[in-house]
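*Asks:* Sequence first, predicted coordinates after that:
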Amino acid sequence: MVKYVRDTLHGFRERPHYEPAELDMMFEKIIVDFLRKKHGKVDFPITTDDITVLIEQDVSDLDQFADLTPYGSNVEGVTEFVRSGKPRVSISKAVRRFENRLRTTLTHEYGHVRLHGYLFAAEERRLGLLSGQKANAIYCKRDAILGANKTDWLEWQAGYVSGAALMPKTYVRNTVAAIHQSRNIYGPVSPTSDNGRALIEAVMAGFAVSCDAATVRLKILGFLGVEPATRSLFS
């Protein structure tokens, strides 16, 4: 069950604290249930069209061709909440040129939709914002979409959701297990090693994500990192 702690960053009295395992379990179930209901089976990569349909179920409007430049440089996604009713999501039209970037941005904003809407419905956000920005909206820059620091809990949670939705833990582990078996790998490997590159490439191909997104996810799940003294089962 989600815990609540004092918020000192984003203008709320308290905020939710999620463990990574909670988010993995929650969003793997959401994605798997959605795919099974829509297609009768679960296959990855999830298509961009399916991601769009998934988000549209929980928002009043999804604008994928928005001009977000008035909100500041490098803002690629905005989720705007209302007191009652579904939120509105806008994606920068500049993102449309890059399929993997679009997918991570969509799922990042979906994380805000699923995790943070009640915060804005429950209380008035007390926060100083940049000119033109609204207190009932979250403005997401590219750096935060892919790799927000844990200190920024709002963006870290949505960023984690992006990885968990596009690359569900169980399915990544199955992909990794096949590479481990074929290469006799035991334990984490360096992302710059031959084995590390093989893992990254397998996840990129299997889940239609960028090299950066695959690398981040594999590091989070403990498959990439500092290699142990014994690198394989048989070395």
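*Replies:* Received, thanks. Numbering: from 1, shown residues only.
*Asks:* mind saving the C-alpha coords of the helix or strand of the chain with the lowest mean pLDDT as PDB?
*Replies:* Lowest mean confidence among the helices and strands of the chain (mean pLDDT, DSSP states H and E): helix 142-147, at a mean of 79. Output for helix 142-147, consisting of C-alpha atoms alone and laid out as PDB, is shown next (Å, rounded to 0.1, in the frame of the first residue of the first chain):
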ATOM      1  CA  ARG A 142      13.200  16.000 -21.700                       C
ATOM      2  CA  ASP A 143      15.900  15.400 -19.100                       C
ATOM      3  CA  ALA A 144      13.200  14.600 -16.500                       C
ATOM      4  CA  ILE A 145      11.200  12.400 -18.800                       C
ATOM      5  CA  LEU A 146      14.100   9.900 -19.100                       C
ATOM      6  CA  GLY A 147      16.300  10.300 -16.100                       C
END
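*Asks:* Use 711 as the first number for this chain going forward.
*Replies:* New numbering, starting at 711: the last item is helix 852-857.
*Asks:* Show me what counts as buried in that helix.
*Replies:* By neighbour count on 16 or more other Cβ atoms under 10 Å, the buried set for helix 852-857 is 852, 854-856. (C-beta placed from N, C-alpha, C; glycine too.)
*Asks:* Hmm, residue 748 is touching residue 760, no?
*Replies:* Yes - Residue 748 is within contact range of residue 760, at 6.8 Å (criterion: Cβ atoms under 8 Å).
*Asks:* Compare those two (neighbour count), which wins?
*Replies:* More crowded of residue 748 and residue 760, by other Cβ atoms under 10 Å: residue 760, with 16 against 11.
*Asks:* Let me see the ranges of the strands in the protein.
*Replies:* With strands called from DSSP state E, the chain shows them at 713-716, 724-727, 771-776, 785-790, 798-802, 847-851.
*Asks:* got the angle for the fifth one vs strand 785-790?
*Replies:* What it means is strand 798-802. Interaxial angle, strand 798-802 versus strand 785-790 (axes from the mean of the first three to the mean of the last three Cα atoms, to 10 degrees): 170 degrees.
*Asks:* just checking, what packs against strand 798-802?
*Replies:* The contact analysis (3 or more Cβ pairs under 8 Å, 6 or more residues apart in numbering; DSSP states H and E) places strand 798-802 against strand 771-776, strand 785-790, helix 809-832.
*Asks:* May I see those organised as TSV, with distance to residue 904, mean neighbour count and mean pLDDT added?
*Replies:* Shown next, in TSV, are the helices and strands packed on strand 798-802 (distance: least, Cβ to Cβ, whole Å; neighbours: other Cβ atoms under 10 Å; pLDDT from 0 to 100):
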stretch	distance to residue 904	mean neighbour count	mean pLDDT
strand 771-776	38	16	97
strand 785-790	34	23	96
helix 809-832	23	21	94
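*Asks:* which one of those lies closest to residue 902?
*Replies:* helix 809-832 (20.9 Å; Cβ to Cβ).
*Asks:* Give me the pLDDT for the nearest residue to residue 730 once chain neighbours are set aside.
*Replies:* Distances taken as Cβ to Cβ, 6 or more residues apart in numbering put residue 870 closest to residue 730, at 6.4 Å, once the chain neighbours are dropped. The per-residue pLDDT reported for residue 870 equals 96.
*Asks:* Might one say that residue 870 is in contact with residue 820?
*Replies:* No - using Cβ under 8 Å, residue 870 makes no contact with residue 820, being 11.9 Å away.
*Asks:* Many thanks, we can stop here.
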